[in-house]
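Peer 1: Have a look at this prediction, sequence included:
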Amino acid sequence: MGKTIVVKQIGSPIRRPAKQRETLIGLGLNKMHKTRELEDTPSVRGMVASIPHLAKIIEEKDG
């Protein structure tokens, strides 16, 4: 596996548009303060960038 990033959910999807909730699910996040280690691809970075109030990148790792 190449580079990876650690993404953390920092906001609640309650009272958010369905598109934003679906983006969180697509990243594998469903509970507050949960973290996931994901492959560092432009699509994953774009998903995180589209919901900066709900998720953020907390660490970048070289695989």
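Peer 2: Received it, and whenever you're ready, just let me know what you need.
Peer 1: wait, is Ile25 part of a strand?
Peer 2: No: according to DSSP: H, G, I helix; E, B strand; the rest coil, Ile25 belongs to no strand; its state is helix.
Peer 1: count of residues packed around it?
Peer 2: 11 (other Cβ atoms under 10 Å). Where you see a C-beta, it was placed from the backbone N, CA and C, and this is true even at glycine.
Peer 1: One more: Leu29?
Peer 2: Neighbour count for Leu29, taken as other Cβ under 10 Å: 23.
Peer 1: before we move on, what about the one 3 residues further on?
Peer 2: Residues lying near Met32 (other Cβ under 10 Å) number 12.
Peer 1: looking at it, it is touching Lys8, isn't it?
Peer 2: No: Met32 is not in contact with Lys8 according to Cβ atoms under 8 Å; the separation is 9.5 Å.
Peer 1: check contacts around the residue lying closest to Gly28 once chain neighbours are set aside.
Peer 2: For Gly28, ignoring the flanking residues on the chain, the nearest one in space by Cβ to Cβ, 6 or more residues apart in numbering is Arg36 at 4.6 Å. By Cβ atoms under 8 Å, 6 or more residues apart in numbering, Arg36 lies in contact with Val6, Val7, Leu27, Gly28, Leu29.
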